[in-house]
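S.K.: Take a look and give me a structure for this.
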Amino acid sequence: MTYGTCFFEEYAQILLCALLGREYECLVNRDRPDLQSKDDTHLGIEVTRAMEESKKAQDDLLKDISGVTETPEREELDQIVENGYAYGLQDGKYIGAKELPYWSMALPLKRIIESKVTKMNNGLYGHFDMLGLFVFCRDNIEERDAMKAMEYTRDIQKDLELHYDRLYLADVNDLFVLNLEDGIKDAYRMCSYPITQEQRKDFYDQAVQRMNERAEK
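M.R.: Residues are numbered from 1 along each chain as shown. Below you'll find the model as predicted:
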């Protein structure tokens, strides 16, 4: 597991705890799936990312941050230089050096979902009472995009033995939580949670702190 992916897994867990509550406090950072309840059976969440392969940010925005123009948010830019991560800072405009491979290898949302559903059905993530897929997105997501992603996920896994129960879609500004279970009206399947600038900064700081603590062990 690379340093970069761990940052996003920690960020996801911090975000879920802050926005959705105590159920997510028990999650620990493991592998297959990335976040798991300590009992290994109740809740598992696989964390991944989606980004257009040709997205201009991949090449043009930020790799090593050298040469960035002085701005009023210089403190945040200095943090990106020091830690190598940008997600959650500067309104999502930059990619940090350490996280660049994480995004540059990402596939667009539909293909990521298809890939993760296939792996789930092959038993890669084990069996949990509730299994979720958490997708970080570089582009802003609208409600209609989230609903389309939910419908696509439900459609491709409807005849499979194993299923994701929840789909979490997070861009810099919002978290969409989508219930994939049967027997629910579409009007009640989606909840959205705004993420403020202050929250993003706090989530970033906590994730970096956890990464530093990992490195010291």
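S.K.: So for stretch 123-137, what gets flagged as buried?
M.R.: Going by neighbour count (16 or more other Cβ atoms under 10 Å), the buried part of stretch 123-137 is 125, 128, 131, 132, 133, 134, 135, 136, 137. All C-beta atoms are positioned from the backbone trio N, CA, C, and that covers glycine.
S.K.: now residue 138, nearest residue through space, not along the chain?
M.R.: What sits nearest to residue 138 in space, not counting adjacent residues and going by Cβ to Cβ, 6 or more residues apart in numbering, is residue 51, at 4.4 Å.
S.K.: What about the one you found, how many residues nearby?
M.R.: A count of nearby residues for residue 51, using other Cβ atoms under 10 Å, gives 22.
S.K.: show me what contacts the closest residue to residue 195 other than its chain neighbours?
M.R.: Distance criterion Cβ to Cβ, 6+ apart; nearest residue to residue 195, sequence neighbours excluded, is residue 173 at 5.7 Å. For residue 173, the contacting residues are 92, 140, 194, 195, by Cβ atoms under 8 Å, 6 or more residues apart in numbering.
S.K.: and what of residue 83?
M.R.: The neighbours of residue 83, taking Cβ under 8 Å, 6+ apart as the test, are 96, 98, 208, 211.
S.K.: At the geometric centre of the protein, which residue do we find?
M.R.: residue 136 (3.3 Å; Cα atoms, centre = their mean).
S.K.: just checking, residue 180 touches residue 152?
M.R.: No - if you go by Cβ atoms under 8 Å, residue 180 and residue 152 don't touch, sitting 10.6 Å apart.
S.K.: And the two? Which one has more around it.
M.R.: residue 180 (20 against 16).
S.K.: Against residue 137, how distant is the more buried one?
M.R.: Distance, residue 180 to residue 137, by Cβ to Cβ, to the nearest Å: 18 Å.
S.K.: Where do the helices of this protein begin and end?
M.R.: 3-20, 56-60, 74-83, 100-104, 109-121, 143-157, 197-216 (DSSP state H).
S.K.: By mean pLDDT, show me the worst of these.
M.R.: Lowest mean pLDDT of these: helix 56-60, a mean of 53.
S.K.: Skipping adjacent residues, who's closest to residue 181 in space?
M.R.: residue 165 (5.7 Å).
S.K.: Surely that neighbour is in contact with residue 184?
M.R.: No - Residue 165 is beyond contact range of residue 184, at 11.0 Å (criterion: Cβ under 8 Å).
S.K.: out of these two, which sits in the more crowded spot?
M.R.: Of the pair residue 165 and residue 184, residue 165 is the one with more neighbours under other Cβ under 10 Å, namely 16 against 10.
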